[in-house]
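Q: Give me the fold of what follows.
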Amino acid sequence: MVSIFCENYRGSQNAKPGEVALAHLGMLFFDEFPHFSKSILEALREPLQDRKLLISRVNTKMEYPTKFLFVAAQNPCPCGNLLSSTKECRCTELEIARYRNKISEPLMDRIELYVQMEETNIEDRPSVDSSRLHRQVIEAFVRQRERGQRECNAHLSEEEIERFCVLDEEAKQALQMAVQNLGLSHRGVANTKKVARTIADLDGSETITKAHLLEALSFRRR
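A: Sure thing, here's the model as predicted:
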């Protein structure tokens, strides 16, 4: 945990930033996510939510900005074969449940996108080439700037979400149903709106439609 969040040097009163603070304005990647200690995983909640890390030492406190893209990867089960069509999973239901429950619900609620990877065939071809995707992303960033956003969608404050993440009537109704049926938290609603805003930007739409919102909900943890 020391090297992830801070490193002591020249005595306990001094510290230098660890990997979390050093990832500011970059990317922080956790592979084999559930295998990190619970203390490290729970300590991630502050930098992910508040975009800052507070380190307290004797007679001193240090604050580091933590505006980074957080990416984590894990297997579907301890042996990794649960979703495989060619290999047999050797895990029991209890082992799978214990493995998945290592990540707490409050931490998972702070992660905005969940993507389940599928096995690929050597003959599979992507439906969209990388150059087209690159153009769509650049155009989406331009739209955000033209709206007057100082931050990208992922970093919008609650006030900015209300201002920039405008839903049409059908999208509002769909979100209300999702809150009731899926038990979305206040944070979950905000994250869904930000993801839907990005999907709408990629689609060239100024307003978030029901289709954009439903796609955003499909990326929620199920």
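Q: a strand runs through residue 16, doesn't it?
A: Yes - Residue 16 sits within a strand when classified using DSSP: H, G, I helix; E, B strand; the rest coil.
Q: quick one: low-confidence ranges for this structure?
A: The chain contains residues with pLDDT under 70 at 1-3, 5-15, 122, 222.
Q: what ranges do the strands span in it?
A: 6-8, 15-17, 27-30, 52-57, 60-65, 69-72 (DSSP state E).
Q: Determine which stretch of those is the most buried.
A: Across the strands of the chain, averaging neighbours per residue (mean count of other CB atoms under 10 Å) puts strand 15-17 on top, at a mean of 17. Where you see a C-beta, it was placed from the backbone N, CA and C, and this is true even at glycine.
Q: How is this protein partitioned into domains?
A: Domain assignment for the chain by automatic domain parsing gives 2-108, 130-218.
Q: quick one: which of the ones you listed is nearest residue 120?
A: For residue 120, the closest of those is domain 2-108, at 11.3 Å, according to CB to CB.
Q: chain center to the closest one: distance?
A: 12 Å (CA atoms, centre = their mean, to the nearest Å).
Q: now swap in stretch 136-149 and tell me
A: Going by CA atoms, centre = their mean, where stretch 136-149 is centred and where its chain is centred differ by 20 Å.
Q: swap in stretch 104-114?
A: With CA atoms, centre = their mean, you get 7 Å for stretch 104-114.
Q: Could you list the alpha-carbon positions for it in PDB?
A: Written as PDB, here are the backbone C-alpha positions of stretch 104-114 (Å, rounded to 0.1, in the frame of the first residue of the first chain):
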ATOM      1  CA  SER A 104     -16.900  -3.600  -2.400                       C
ATOM      2  CA  GLU A 105     -20.100  -2.100  -3.800                       C
ATOM      3  CA  PRO A 106     -19.100   1.500  -2.900                       C
ATOM      4  CA  LEU A 107     -15.900   1.100  -4.900                       C
ATOM      5  CA  MET A 108     -17.700  -0.500  -7.800                       C
ATOM      6  CA  ASP A 109     -20.200   2.400  -7.800                       C
ATOM      7  CA  ARG A 110     -17.400   4.800  -8.500                       C
ATOM      8  CA  ILE A 111     -16.500   2.900 -11.700                       C
ATOM      9  CA  GLU A 112     -18.500   4.200 -14.700                       C
ATOM     10  CA  LEU A 113     -18.000   1.600 -17.400                       C
ATOM     11  CA  TYR A 114     -18.100  -2.200 -17.100                       C
END
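Q: Thank you kindly, that will do.
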